[in-house]
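**Student:** Here's a sequence, model it:
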Amino acid sequence: MTYHPIILVDSGILFAYYSANDQHHAAVCSFFETCTSRLLTTPSCMTEVMWLLSSQWQTQNEFLLDVAQEIYECAELLPQDFCRIAELNAQYADLPGDFADLTLVAIAERMDISAIATLDSDFDVYRRYRKQPFARVLRPE
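**Tutor:** Reported below is the predicted structural model:
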């Protein structure tokens, strides 16, 4: 696997990590155990993870404490990111665009990050700077 200094982390990966019953749990755990890159997500992805874990408050707290320990960094969304997200929302209207996903695309462009850990096949369609594909670092079977 190619080393990437920073890897964007989508909410589906985080949910799979914290959900022992998820079909991708083992692969995601293995990925996180060996990953030495900085892991970056967005507030929208964190909100989505909390919602997905809503029936498990103990697991939600485990996730929150990991964020507090900076296992995952949370990238702040800037005003210009919302302009780009609006453009992306129109561009990918046929998917339909998921707000949390689009925040990752905007952050990827602003911070020049190509690597993403995701289970979401939409990231095979999304393009950075309108033409560059993401480097997916985890592809569970």
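**Student:** before we move on, what SS does Ala20 have?
**Tutor:** Classification of Ala20 by DSSP: H, G, I helix; E, B strand; the rest coil places it in coil.
**Student:** looking at it, Val137 is touching Ile113, isn't it?
**Tutor:** No. Between Val137 and Ile113 there is no contact under CB atoms under 8 Å: 11.2 Å. C-beta coordinates here come from the backbone N, C-alpha and C atoms, glycine included.
**Student:** Mind listing the shared neighbours of these two?
**Tutor:** Counting by CB atoms under 8 Å, 6 or more residues apart in numbering, the shared contacts of Val137 and Ile113 are 4, 7.
**Student:** since we're on the residue nearest to His25 when sequence neighbours are not counted, how many residues are nearby?
**Tutor:** Excluding the flanking residues, the one nearest His25 by CB to CB, 6 or more residues apart in numbering is Ala16, at 5.5 Å. Ala16: 25 surrounding residues under other CB atoms under 10 Å.
**Student:** For Ala16, give me its contacts.
**Tutor:** 22-25, 27-28, 119, 140.
**Student:** Quick one, grab the pLDDT at Ser121.
**Tutor:** pLDDT recorded at Ser121 is 89.
**Student:** and the residue nearest to His25, helix, strand or coil?
**Tutor:** State at Ala16, reduced to three classes by three-state DSSP: helix.
**Student:** which element is the residue sitting furthest away from the middle of the chain on?
**Tutor:** The outermost residue of the chain, judged against the average C-alpha position, is Gln58 (21.7 Å), by CA atoms, centre = their mean. Using DSSP states H and E, Gln58 sits in helix 57-68.
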